[in-house]
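Trainee: have a look at this prediction, sequence included:
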Amino acid sequence: QLQLVESGGGSVQPGGSLRLSCAASGGTFNILHIGWFRQAPGKEREGVSCISSDGRSTNYADSVKGRFTISKDNAKNTVYLQLNSLKPEDTAVYYCAAVPSLRDVCVLGLSTYDYWGQGTQVIVSS
């Protein structure tokens, strides 16, 4: 059974940076599309970014374009999400999710993903 474990969350000031990691085990990592999602208090979970199984295609929500960067290391079974220029509105629990797929592009729809991690908290506050 595929398991996903997020790490790297924390508390930072506005303008700061964090790198989130999503480590996968128990599955065939190089056929997985991986997505990052977030859920702020009182709000619905939303898609942030995703990366295709071969790492060639990425997708970002408009709210994070130019600030967040997703990458995939198949040798380490890990996906990273680099968060730069953080804003208070980025405060949320961040989740990674996975779905086996050989399609060229990934999508940010929640229902697309079959496996979910437990989440890591990101707080952006002065």
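Mentor: Here it is on my side, so go on. Computed from a predicted structure; not experimentally measured.
Trainee: check the gap between Ala98 and Glu46 for me.
Mentor: Distance of Ala98 to Glu46, given as CB to CB, to the nearest Å: 17 Å. C-beta here means a position set from N, CA and C on the backbone, and glycine is covered the same way.
Trainee: so the spatially most central residue of the chain bridges to which residues?
Mentor: For the chain, Trp36 is the residue whose C-alpha lies nearest the centre (CA atoms, centre = their mean; 2.3 Å). Per DSSP bridges, the residues bridged to Trp36 are Ser49, Cys96.
Trainee: if you count surrounding residues, which of Ala98 and Glu46 has more?
Mentor: More crowded of Ala98 and Glu46, by other CB atoms under 10 Å: Ala98, with 25 against 14.
Trainee: need the three-state assignment for the more buried one.
Mentor: The assignment at Ala98 comes out as strand when based on DSSP: H, G, I helix; E, B strand; the rest coil.
Trainee: tell me the contacts of it?
Mentor: Contacts for Ala98 (CB atoms under 8 Å, 6 or more residues apart in numbering) come out as 2, 4, 24, 27, 32-35, 113-115.
Trainee: likewise Thr91?
Mentor: Residues near Thr91 by CB under 8 Å, 6+ apart: 40, 122-125.
Trainee: repeat that with 10 Å
Mentor: Taking CB atoms under 10 Å, 6 or more residues apart in numbering, we find Thr91 in contact with 11-12, 38, 40-41, 121-125.
Trainee: now the buried members of the residues you listed.
Mentor: Buried members of these, scored by 16 or more other CB atoms under 10 Å, are 12, 38, 122, 124.
Trainee: tell me how far the first one lies from Val107.
Mentor: The reference is to Val12. Counting by CB to CB, the separation of Val12 from Val107 is 29 Å.
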